[in-house]
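> I'd like to go over a predicted model; first the sequence, then the structure.
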Amino acid sequence: MIYNDIYKYLLSHVSSKEFDICLYLVANQDWLGNVVIDYEDIAQACNTTIRYAKQVIRKLSSQQKDVLPDERRKPFIKPAPKFGENVYKLNLGLSKLEYVKGNAKYTKKFKFLYTQEFQSLSIAAKKLLLVAAFGMSSNQSATQRIKFKTFIGRNSGVRAMTKQRIYSAIEEINQAMNIVQTSVAYKLKQPYVEFIFDADVSQEFLSAEAEYELVKLIAFENGSDLYLTADYYSAILKTGKGFFNSLFKEIKAKKAFDHFEKLSAGLKSLYVESLNVLFQEFNKSKNEQTPEALSALLRGIILNKLTDYVASLSSEESARLQLAQNYMAAKDTFFKNNLDLLYDNFRKMKEEAAEIRKQIEVVNSITQQDRKTKLDNLKELIGKRNKVLQDLTSKNSTSHTIRNNLKIFNTEIERVLDNLNESISRSIDKTLSLLNVKSGEDRWEQLNRHLQHMSSLKLLSDREAKLIRNSLWDNSAIHLPGTSQIKIKSPKQQFAVNDENLDFEYPF
């Protein structure tokens, strides 16, 4: 999207070609607002030279004049070295952390804004069309009428626009653009610029290309691209975007804004690693994989790597807590004039450990969201299964008919049950591997933290999962309406699939 602050920036003080390059950067950003700067690609896409593209990028990444309002004084982009070489982050544009649905003004990235015809226009003509596009996104109408005073005057926000330039821009647009007719209309003696767009223009806009290109590149590097259709790419992107949206959601919920850059860089790296593993696995059984199966496989890979990421963060936290303990243990051996430095180091280690703990909580919450989705899916499947069972029973169907109809549901329920404990099994492996760490007390510190992490997973216990499995072919196992319980033959044998209050049992 072209959000309100970018819109104001483009209307204020950019040249015609800078306008095009800014739109290029908006179109090529990834889910995190990062864009890889390729000067040759910018020059080709914006019909300019590589030398001028470099000059514009330098300008856009520099502090602007102090006389401008705050939102237009910030650099348009800034280097983001944590995400790779030649990567810049858009400094303007409403981020996922700020977005509130229904409360954000924006225009879609309409395709006509990226055509050679549009790029050939003067800056005045481009500004007129951008304002019209903003209106089209807001009211969904192909006809836009905008008062002259919107473009003229100190309070308009549109730099260096006059009536004569508006008339010249209207003529220029009519000569160059075949998707819109522009003229001057009057209402109550007020002059308006009238835009009448072709009916399909409002439905033609760019989608997020950067992440799509990334997936295609990794598929190409792994030799998987020849076997993937658009449905596969769509399923992969949907899964990946879900995890990033979870990150944004949890950072907002836990007010961990200071950790956004580190966690987003970590998740991005983890996502790229997961894609490589995904396509390597895909190559082993490419003929058997459906888009849905590939999506599920990617989800499992990402969850496993998130577990590894939490383990590495826990190690960082433990190391800092151990250092803090060492500083305090050494206080009696320090000279008095060095105690202030020792206490400063102690406080620094404790603060850093607390910051890492915040990051761990965010990542754990991402996996919790996925587990909640799985548990909800399990309850939904059990509900459907029992509805079929009740319908068939009420019709006095034969046991053979009942069994055949339940087979599909039961197979899917068992698959979900199998997946529920994947993350915890991996956590157990990680924890047991710590028993070989030769670091004295630090080993037990790390071991304790991993056990705490595992106990927070709140998955179905083995007892509950086993009871579900055993009841699947039992005709008397009926889901109790309005609850999360399944009633087995004996009234004593009941359990609840409860997202928040499941008993956790160590499976060893």
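Nice, thanks for sending it over.

> Only C-alpha atoms from now on, for both contacts and neighbour counts.
Noted.

> Okay, now the unreliable bits of the chain?
64-73, 93-105, 153-157, 159-160, 332-338, 371, 418-508 (pLDDT under 70).

> cutoff 80 now
1, 3, 13, 63-74, 92-107, 153-161, 205-209, 286-288, 327-342, 367-508 (pLDDT under 80).

> Which stretches in the protein count as strands?
Listed in chain order, the strands of the chain (DSSP state E) span 2-3, 34-36, 77-79, 87-90, 106-107, 143-147, 180-187, 190-197, 478-479, 485-487, 494-496.

> would you list those strands in JSON lines and tack on mean neighbour count and distance to residue 218?
JSON lines is the format used below for the strands of the chain (neighbours: other C-alpha atoms under 10 Å; distance: least, C-alpha to C-alpha, whole Å):
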{"stretch": "strand 2-3", "mean neighbour count": "19", "distance to residue 218": "28"}
{"stretch": "strand 34-36", "mean neighbour count": "22", "distance to residue 218": "16"}
{"stretch": "strand 77-79", "mean neighbour count": "21", "distance to residue 218": "24"}
{"stretch": "strand 87-90", "mean neighbour count": "22", "distance to residue 218": "18"}
{"stretch": "strand 106-107", "mean neighbour count": "20", "distance to residue 218": "31"}
{"stretch": "strand 143-147", "mean neighbour count": "18", "distance to residue 218": "43"}
{"stretch": "strand 180-187", "mean neighbour count": "16", "distance to residue 218": "40"}
{"stretch": "strand 190-197", "mean neighbour count": "18", "distance to residue 218": "39"}
{"stretch": "strand 478-479", "mean neighbour count": "21", "distance to residue 218": "45"}
{"stretch": "strand 485-487", "mean neighbour count": "18", "distance to residue 218": "45"}
{"stretch": "strand 494-496", "mean neighbour count": "14", "distance to residue 218": "43"}
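
> Which among those strands is found nearest to residue 118?
strand 180-187 (11.4 Å; C-alpha to C-alpha).

> show me what contacts residue 38?
residue 86 (C-alpha atoms under 8 Å, 6 or more residues apart in numbering).

> Centre-most residue in the protein?
In the chain, the C-alpha nearest the mean C-alpha coordinate belongs to residue 244, at 2.5 Å (C-alpha atoms, centre = their mean).

> Roughly how far does residue 245 sit from residue 149?
Distance from residue 245 to residue 149, counting by C-alpha to C-alpha, to the nearest Å: 40 Å.

> hmm, back to that, let's have the strands of the chain in CSV, adding distance to residue 48.
Below are those laid out as CSV (distance: least, C-alpha to C-alpha, whole Å):
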stretch, distance to residue 48
strand 2-3, 22
strand 34-36, 18
strand 77-79, 20
strand 87-90, 20
strand 106-107, 25
strand 143-147, 31
strand 180-187, 25
strand 190-197, 28
strand 478-479, 66
strand 485-487, 66
strand 494-496, 65
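
> Figure out which of the ones you listed is closest to residue 366.
Closest to residue 366 of the strands of the chain is strand 34-36 (C-alpha to C-alpha; 21.5 Å).

> strands paired with the closest one, and their directions?
Take DSSP bridges as the rule and strand 34-36 pairs in its sheet with strand 87-90 (antiparallel).

> mind listing what the residue nearest to the centre of the chain touches?
31, 267.

> which residues of the stretch 51-200 of the chain fall in helices?
For the stretch 51-200 of the chain, the helices defined by DSSP state H, counting those that start in this stretch cover 70-73, 116-119, 123-139, 163-176.

> Give the buried residues for the last one.
Buried residues in helix 163-176, defined by neighbour count with 16 or more other C-alpha atoms under 10 Å: 166, 167, 169, 170, 172, 173.

> Contact partners for the fifth one?
So that's residue 172. Counted by C-alpha under 8 Å, 6+ apart, residue 172 has contacts 121, 125.

> Same list (the helices of the stretch 51-200 of the chain) but as JSON lines, adding distance to residue 40.
Shown next, in JSON lines, are the helices of the stretch 51-200 of the chain (distance: least, C-alpha to C-alpha, whole Å):
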{"stretch": "helix 70-73", "distance to residue 40": "27"}
{"stretch": "helix 116-119", "distance to residue 40": "17"}
{"stretch": "helix 123-139", "distance to residue 40": "23"}
{"stretch": "helix 163-176", "distance to residue 40": "26"}
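
> Those: which one's closest to residue 321?
Between residue 321 and these, the shortest gap by C-alpha to C-alpha is with helix 70-73, which sits at 40.8 Å.

> so what's residue 197 bridging to?
Residues in beta-bridge contact with residue 197 (DSSP bridges): residue 180.

> Residue 177 is in contact with that one, correct?
No: between residue 197 and residue 177 there is no contact under C-alpha atoms under 8 Å: 10.1 Å.

> So what does residue 61 look like in phi/psi?
phi -100, psi 10 (degrees, to the nearest 10).

> Next, count neighbours for it.
18 (other C-alpha atoms under 10 Å).

> Kindly report the same for residue 115.
14.

> How about the contacts made by it?
Taking C-alpha under 8 Å, 6+ apart as the test, residue 115 contacts no residue whatsoever.

> That one and residue 46, how far apart?
From residue 115 to residue 46 the distance is 9 Å (C-alpha to C-alpha).
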